[in-house]
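Colleague: fold the following and give me the result.
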Amino acid sequence: MTVEIDSLSKQDPKASDEDFPGVAFVSADTDADTGAQAEEIIASSEQQQQQQQNQQCQIRKSVLSVAKDGYHLQSINHSNKHLFVSFDGSITVNDGGGSAHESLQDAKLKDMSSMLVHAVAGIFTLNLCSYILVVTRSKYRGSVRGCSIYEVDAVSALPLDYAGGKKAIQNLHSSMQREEQNKTSDTKSGDASDSSTGGHQSQAEEEHTGSSIEYSSSWLAPQLTKFFGRNRAESTTAITANATSETRQRRAGSAERMEQRIVEEIVRLFGSSGIFYSYEYDITRSLQSKNKHPLTSSSIPLAQVADPDYWFNRHLQKPLLAPLIQEWALPMIQGCVHAATCNVSNGDSFQVCILSRRCIRRIGMRYERRGANADGFVANSVETEQILSVDAGSQGPHYCSFVQTRGSMPFFWKQPPSGLHPVPVVVKGDKDNAAACVAHLQHEIDRLGRQVLVNLVEHKGREAVVGSKYASLVGQCVADDLIDACSIRYIPWDFHYETRGMRYENIKQLVSQLEREISGMGYYWSTKSQTFTLQKGAFRVNCMDCLDRTNVVQSAIARFVLNEQLVRLGIHIAPEQGLAAYAGLESTLNSLWANNGDYISRQYAGTSAMKGDFTRTGKRNISGVVNDASYSIARLWISTFRDYFSQSVLDFLMGNQSADYVYRTLIDLRSHEPDHATQMTRMRQAAIEASIAIVMSDGECVQMACIVQSPLTLNTVRMRGESDAVLILTNAAIYVCRYHYQMEKVSEFLRVDLSRLCSVQHGIYITETRTPQSLDPTRNHGIVLYFRAAVARFNSGSEQNQSNVGVDNLPDARQPADGEDKTTPKVKNNNISGASSVNEENNTESDYTSTGYIANAGDGVCCDYKEAPSYIVCKFVSDSQVVMQQISLENTNPKDTMMAIDGESNSTDVSSGSNGSNNKNNHIGGREVTSAPSLARLDSFAKQPAEMLAEFMCSAALSLKLALDPSVDERKFIVDAPIVSEATAKQNVNLLEKMSNRLHKAIWL
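Modeller: As a prediction, this is how the structure comes out:
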């Protein structure tokens, strides 16, 4: 028996017949047809154009030209179809006549730049510019059911502006010419070497050698590859970056560099992380799943049938999903596709294809995404399908498919990236974990049938923490009848213990234990017109990372199933000997599964898979152990210095986070869960409700409450940390409350009586200078409250403030006159949502006198009083803001309770929180109501810029002040001046902060 593996750089045998009907295309790069110039395309026949006109189909390769007002794309296989992407973001299509040749002639006359693109991967927008992401080079990876599958080899992010787009395309052509010259020189030197040695490598050996070189270098982090002289991304990255820099005309240099870094990472993810596509085959679904969703590729675009759970670029292609445009959208998956054609000595032949598709619902990097989310989707969830294709002559081809899955243990747990072997931690309670486990298992049962859960984690040590939790949750779900006991089976198998001492042959014992399950599960078997058997269930295999051990076990199960399929189809003549009966077949299958493990491992952990020597050769040796040690060190580096940024970019590509979140990750050096904003909004709403219930006195009514950041220290503008505070404006006072989220209590608060409020100032308030967003005036706005210190009360329950003197003893404070209240306001002893109230006997009035740094002329705190009053500053948060107010549900229209910004009414969401007052007679918006008010969340206000919130807070404070004292001078009460300007903030950056900023720029920018 001879075995031939499809070459990874082999030319698609169908490219000239199906990809370009009626078009003769000449290319210097026969791998992907990307070296061809646009002038080399000859006109299609008019007859084929008429047949294809007005027929909706999947667009394949196209010619992209840049015009003064946008990008023009003309399909090659359907030259009557045109797509126009305007620089303002609008998209139009035109199915008129004309050929590719005529279009190119027009482009040449109009002095346009053109290029060949294999697909439009999507469109995305960052802070400075929008980009169209196009595939410029791809590799043929095999075929399934006669349909070719390609891997993305290079992409280009073209800015949506004329100068940048034209420059990027011209540089791309220059780069491709240089690559072609290098290939030519390498080929000549290789031929000379072969002629001198008189020998050559076989096709399989040549492929294996090339793959090894590619894999050995691709796991290095961008920082390391930069030091070793290797570019972090494809040449198109630098092209895009240069074009972007020129088109932006040096707008905010740091902003450009940050945007360049994000574009580089997007290009890297698409160009080197295993992105696959097909023009005519839906690779997002298994063969059995497609049996329920038949597709006629000539009449239905793939976007109509693709599974959104595995459609990697779906969010980027949303602008292309309109009814008349969706034929330009091409679904892509992240995973692995490799195929091998096997020729048996008796003349029979068959093809084995390994197709893995990664679920995008909880996609991410190794330590950044563990466990499950609330919807039951797990991290590193990969569906692997082994497809056997046999040509039965007159009967037509037969197809056999066997599906397995892998994924993180389905409950809430995490593993902080500290050291080589961090200890996993189970988070949340049993109720939440059981709900997530049930949601995941039920989803898999509904999708694939009976689930056989093979857990490979250690039964002792650090892994036992989550392994035992997994077992208990599965048992609990079955015992409580949350999952049908007949639809699930749990099999624990300690991989490291069973294979200790390199006894990997013990894996056969596990497969023997699973033979009954394999027999009952079966596999999918069909022809193009008939279905013989269906797969009734799936193996769900997991370890800690679901990478190395998982891939070894899945490959062993797949080999057993393949042997059964070959016997069933009458090809295997020695079934008792297994695949080893034929020289080369088992090693070929091992190579396919080893490649599959390397792809999935690089996507999740950044390196090739461990234990790859056993998967590839069937033997474990010392060199493999040494390689695994080097991979462990590389994974530690990558998880520490790269994964959190890659995770934030992935979340942006999936539509889970905004571009601002990616910028923030570069500074915080950590990523957040996709639902972080929702969770933060809930926490902040609870903080406002608890603060109102704890600190407000009877008879007061909340006019406005929101989240701010404040030093909660008198007479300083220097922010120490970014701890949240709650700013509450009532009809009697202003409160600034420090809320402790973990303890769910108000730790300290300041109360300023409105009668003693001197003035308020609003303006730009810059507290850091590392990101462009931190310098945006509309996002960085605050207010300053000027008041006489005698009537301000600091209350704190912390022991560290017990010895401090009262605020009445401040040097600048005027002693209260006779008859004025010297006591601390009475605090209600309420406990909302577990928050600890501040007990009156525990309260101490603290001395918070301190001096802020000196401000430049034109900004800083402003005061016209002869005796300067005390002040406190607050900065409005710009993300996940929550604004609340008390309203009456009976006598007050919610839309009338607060003045609308820009003349628009504000929608409200009535909260179930506690009322801030027990008094039945309150004034809201100048009207008296007789029913107890309820807290309402003003979502439209929360979406306003921080600048607008600051202005409205000042206006509301002035209205309340005028109600108490009509003689107040409105012009002096509200001061519009910068609190801390950008120039001042940069002047006051200390040495440590400067070093930190430089370190960030050196590493990331």
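Colleague: dihedrals phi and psi, Val144?
Modeller: Val144 adopts backbone torsions of phi -130, psi 130, taken as degrees, to the nearest 10.
Colleague: pull the number of nearby residues for it.
Modeller: As a burial measure, Val144 scores 21 neighbours (other Cβ atoms under 10 Å). In this view, the C-beta of every residue, glycine as well, is placed from N, C-alpha and C.
Colleague: mind pulling up the pLDDT for it?
Modeller: Val144 carries a pLDDT value of 92.
Colleague: please report how far it lies from Ser529.
Modeller: 17 Å (Cβ to Cβ, to the nearest Å).
Colleague: same check, this time on Arg720
Modeller: Taking Cβ to Cβ, one finds Arg720 at 73 Å from Ser529.
Colleague: over to Val337?
Modeller: 25 Å.
Colleague: comparing these two, which residue is more hemmed in?
Modeller: Between Val337 and Ser529, counted using other Cβ under 10 Å, Val337 has the larger neighbour count: 27 against 6.
Colleague: surely the more buried one is in a helix?
Modeller: No. The assignment for Val337 (DSSP: H, G, I helix; E, B strand; the rest coil) gives strand, which keeps it out of a helix.
Colleague: that one against Cys147, yeah?
Modeller: No. Between Val337 and Cys147 there is no contact, the gap being 11.4 Å when judged by Cβ atoms under 8 Å.
Colleague: specify the beta-bridge partners of Val63.
Modeller: Gln74, Leu116 (DSSP bridges).
Colleague: any idea whether Val263 is helix, strand or coil?
Modeller: helix.
Colleague: swap in Ala558?
Modeller: Reduced to three states by three-state DSSP, Ala558 is helix.
Colleague: my guess is it contacts Phe402, does it?
Modeller: Yes. Judged on Cβ under 8 Å, Ala558 makes contact with Phe402 at a distance of 6.6 Å.
Colleague: mind listing what Leu83 touches?
Modeller: Leu83 makes contacts with 59, 62, 72-75, 91-94, 120, 325, 328, as judged by Cβ atoms under 8 Å, 6 or more residues apart in numbering.
Colleague: where do the helices of the stretch 201-350 of the chain begin and end?
Modeller: 203-218, 222-227, 235-248, 253-272, 287-292 (DSSP state H, counting those that start in this stretch).
Colleague: one more: the stretch 651-800 of the chain?
Modeller: 659-668, 676-695.
Colleague: so how do I select the buried members of the contacts of Leu83 in ChimeraX?
Modeller: The ChimeraX command for the buried members of the contacts of Leu83 (criterion: 16 or more other Cβ atoms under 10 Å) is given here:
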select :59,62,72,73,74,75,91,93,120,325,328
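Colleague: lowest-pLDDT helix or strand in this structure?
Modeller: helix 203-218 (a mean of 33; mean pLDDT, DSSP states H and E).
Colleague: coming back round to it: just put the helices of the stretch 651-800 of the chain in TSV and tack on mean neighbour count.
Modeller: Output for the helices of the stretch 651-800 of the chain, formatted as TSV (neighbours: other Cβ atoms under 10 Å):
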stretch	mean neighbour count
helix 659-668	20
helix 676-695	21
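Colleague: any low-confidence regions in the stretch 701-850 of the chain?
Modeller: 721-722, 789-850 (pLDDT under 70).
Colleague: could you count how many residues lie near the closest residue in space to Phe941 that isn't next to it in sequence?
Modeller: Once flanking residues are discounted, Phe941 sits nearest to Val883: 4.1 Å by Cβ to Cβ, 6 or more residues apart in numbering. Using other Cβ under 10 Å, the number of residues around Val883 comes to 26.
Colleague: list the contacts for Val883?
Modeller: Met704, Ala705, Cys706, Arg937, Leu938, Phe941, Ala942, Leu949.
Colleague: for the third one, list each beta-bridge partner.
Modeller: Each beta-bridge partner of Cys706 is listed here, defined by DSSP bridges: Leu727, Val883.
Colleague: buried set for stretch 950-969?
Modeller: So for stretch 950-969, counting by 16+ other Cβ under 10 Å, buried means Ala950, Glu951, Phe952, Met953, Cys954, Ala956, Ala957, Leu958, Leu960, Lys961, Val968.
Colleague: what about those residues, which are in helices?
Modeller: Among those, the ones falling in helices (DSSP state H) are Ala950, Glu951, Phe952, Met953, Cys954, Ala956, Ala957, Leu958, Leu960, Lys961.
Colleague: nearest to Ala67 among these?
Modeller: Glu951 (42.9 Å; Cβ to Cβ).
Colleague: so which of the helices of the stretch 651-800 of the chain is nearest Ile488?
Modeller: helix 676-695 (30.5 Å).
Colleague: give the residue spans of the stretch 351-500 of the chain that score low on pLDDT.
Modeller: Within the stretch 351-500 of the chain, the segments meeting pLDDT under 70 span 418-420.
Colleague: let's see it at 80
Modeller: Along the stretch 351-500 of the chain, the parts satisfying pLDDT under 80 run over 392-395, 417-421.
Colleague: would you map the strands across it?
Modeller: Secondary structure of the stretch 351-500 of the chain (DSSP state E, counting those that start in this stretch): strands at 382-391, 397-406, 413-414, 425-426, 451-455, 488-492.
Colleague: nearest to Ser981, of the ones you listed?
Modeller: strand 413-414 (40.5 Å).
Colleague: which outside residues touch the closest one?
Modeller: Arg370, Gly371, Pro424, Val425, Val426, Val427, Val466, Lys469.
Colleague: that older thread, can you redo the buried residues of stretch 950-969 as JSON lines with pLDDT and distance to Phe276?
Modeller: Listed next are these as JSON lines, based on pLDDT from 0 to 100; distance: Cβ to Cβ, whole Å:
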{"residue": "Ala950", "pLDDT": "92", "distance to Phe276": "50"}
{"residue": "Glu951", "pLDDT": "92", "distance to Phe276": "52"}
{"residue": "Phe952", "pLDDT": "92", "distance to Phe276": "51"}
{"residue": "Met953", "pLDDT": "93", "distance to Phe276": "53"}
{"residue": "Cys954", "pLDDT": "94", "distance to Phe276": "56"}
{"residue": "Ala956", "pLDDT": "93", "distance to Phe276": "56"}
{"residue": "Ala957", "pLDDT": "94", "distance to Phe276": "59"}
{"residue": "Leu958", "pLDDT": "94", "distance to Phe276": "62"}
{"residue": "Leu960", "pLDDT": "94", "distance to Phe276": "62"}
{"residue": "Lys961", "pLDDT": "93", "distance to Phe276": "65"}
{"residue": "Val968", "pLDDT": "90", "distance to Phe276": "69"}
